[in-house]
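Visitor: Any chance you can model this:
(4 chains)
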There are 2 protein chains.
Amino acid sequence: MTRTPLADVACSIARATDLFGDAWTALIMRDVLTGVTRFDDLAHDLGISRKVLAARLSRLVEEGVLVRERYQDRPPREHYQATEKGRELYPVLLALMHWGDRWYAGEAGPPARVHHLDCGHDTTPVTVCAHCGNPLTSENTTQLPGPGGRVGPGTRVLGPLIASRSADR
Amino acid sequence: MTRTPLADVACSIARATDLFGDAWTALIMRDVLTGVTRFDDLAHDLGISRKVLAARLSRLVEEGVLVRERYQDRPPREHYQATEKGRELYPVLLALMHWGDRWYAGEAGPPARVHHLDCGHDTTPVTVCAHCGNPLTSENTTQLPGPGGRVGPGTRVLGPLIASRSADR
DNA sequence: GCGATGGGTTCCCTCAGGGAACTCGGGTAG
DNA sequence: CTACCCGAGTTCCCTGAGGGAACCCATCGC
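Guide: Next up is the predicted model:
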């Protein structure tokens, strides 16, 4: 649908969603990161059209989020593995999953648990400040322009910033 | 495009992406949470088609993520505010933004900074274990079936789980 | 009365997604 | 040697969601 290209907008969320803001991509990454790495397995597990799956996978490979590698020679079989860039999407998935659990889990409870091997407990993810370790929320944070945030022709900042909220109108 | 309905799949990521896995929804939430709350402002800021914006907003209101409220009577003006459910999407946005910063920021650096009011520093978000406070990664966690994760007809678990990885074939 | 907002809705067109069939190379059973 | 299956895609057609731009309607400010 001639999706408006978001990649060139000066906002990291826009850049990230240009790739990740697609219903399938998140689910593909979830599967790959939890061990479903082969084309047919992904197609069956997700119920995605094979055409779209092929397109998504090659996009993800192009972007360096996944690599396609041969894991067996006779017969030749390939699978997809997450790169470091891909593995770093895990916090996004955890955040999405946690939100889904909070707001859509039925009476039975969430469909899956996350088990933290390091401490041996089932856990929930919390997004905290790298500095002080306390949780970050929309109320206790402010978005400010960063070094790469200068405005130019064809470039939009990450949305009117708090500071420019009334100024830009 | 007769998008495959993901909402009924027994996976919180699928449920969340059914709503959120759309390029525009993430950006709308980013804007609303940073103070861009009016229809026209959103339309201009995002460069989104007004038709699609209207559709997204009403979907988000329907889902209880946003509320539409009149903030002034003469002339009548409405805006959209995030509910608690909506504000809790903030960690997802932070995770997306952080990933975008890590992998797509140019030489100039990221386009925006997140300032944590509680500790007074510019910060980066870290996703940690609610239990022990250490970072969660795809390597140090495992997904296990949860209470709501029983499999039935028409219901898929959150992707073949680690445990069933070789068993289901 | 007249134009300017703000907040949408309507119309048309194109192209991405769904579904299912087809391909192609390498096993493997008989 | 032939027949059949599997993994991994590719091709084809059809539908409907997204883009773009015009249109609508109520309420100001003048």
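Visitor: And residue A:43, how far from DNA strand C?
Guide: From residue A:43 across to DNA strand C, the span is 9 Å (CB to the nearest atom of the strand, to the nearest Å). (Glycine included, C-beta is placed from N, CA and C.)
Visitor: So that residue belongs to a helix, correct?
Guide: Yes: per DSSP: H, G, I helix; E, B strand; the rest coil, residue A:43 lies within a helix segment.
Visitor: From residue A:39, how far out is the residue of chain A most remote from its centre?
Guide: Relative to the C-alpha centroid of chain A, counting by CA atoms, centre = their mean, residue A:74 is the outermost residue, at 34.3 Å. The gap separating residue A:74 from residue A:39 is 18 Å, by CB to CB, to the nearest Å.
Visitor: Equivalent analysis for residue A:57, please.
Guide: Using CB to CB, we find residue A:57 at a distance of 7 Å from residue A:39.
Visitor: Now for the two: what residues contact both?
Guide: residue A:80 (CB atoms under 8 Å, 6 or more residues apart in numbering or on different chains).
Visitor: out of those two, which sits in the more crowded spot?
Guide: residue A:57 (20 against 16; other CB atoms under 10 Å in any protein chain shown).
Visitor: which non-adjacent residue is nearest that one?
Guide: residue A:80 (6.1 Å; CB to CB, 6 or more residues apart in numbering or on different chains).
Visitor: residues touching the one you found, list them.
Guide: Residue A:80 touches A:32, A:37, A:38, A:39, A:42, A:57, A:60, A:61, A:66, A:67, A:68, A:69, counting by CB under 8 Å, 6+ apart.
Visitor: Am I right that it is in a strand?
Guide: Yes: according to three-state DSSP, residue A:80 belongs to a strand.
Visitor: beta partners for it?
Guide: residue A:68 (DSSP bridges).
Visitor: For the residue nearest to residue A:108 when sequence neighbours are not counted, grab the count of nearby residues.
Guide: Excluding its sequence neighbours, the residue lying closest to residue A:108 (CB to CB, 6+ apart) is residue B:148, at 3.7 Å. For residue B:148, the count of nearby residues is 20 (other CB under 10 Å).
Visitor: which SSE is residue B:148 in?
Guide: Assigned by DSSP states H and E, residue B:148 falls within no helix or strand.
Visitor: That one contacts residue A:111, correct?
Guide: Yes: here residue B:148 reaches residue A:111: they are 4.5 Å apart, a contact under CB atoms under 8 Å.
Visitor: where do the strands sit along chain A?
Guide: Using DSSP state E, the strands of chain A run over A:66-72, A:77-82, A:112-116, A:121-123, A:125-129, A:141-145.
Visitor: Counting by contacts, list what the fourth one packs against.
Guide: So the one you mean is strand A:121-123. strand A:112-116 (3 or more CB pairs under 8 Å, 6 or more residues apart in numbering or on different chains; DSSP states H and E).
Visitor: Given the strand it packs on, what are its sheet partners and their directions?
Guide: Counting by DSSP bridges, the strands paired with strand A:112-116 are strand A:121-123 (antiparallel), strand B:141-145 (antiparallel).
Visitor: Contacts for stretch A:47-59, please.
Guide: With contacts defined as CB under 8 Å, 6+ apart, stretch A:47-59 is touched by A:19, A:22, A:24-25, A:27-28, A:39, A:42-43, A:46, A:66, A:68, A:80, B:4, B:156.
Visitor: Go through the residues you listed and name the one nearest residue B:93.
Guide: residue A:19 (15.1 Å; CB to CB).
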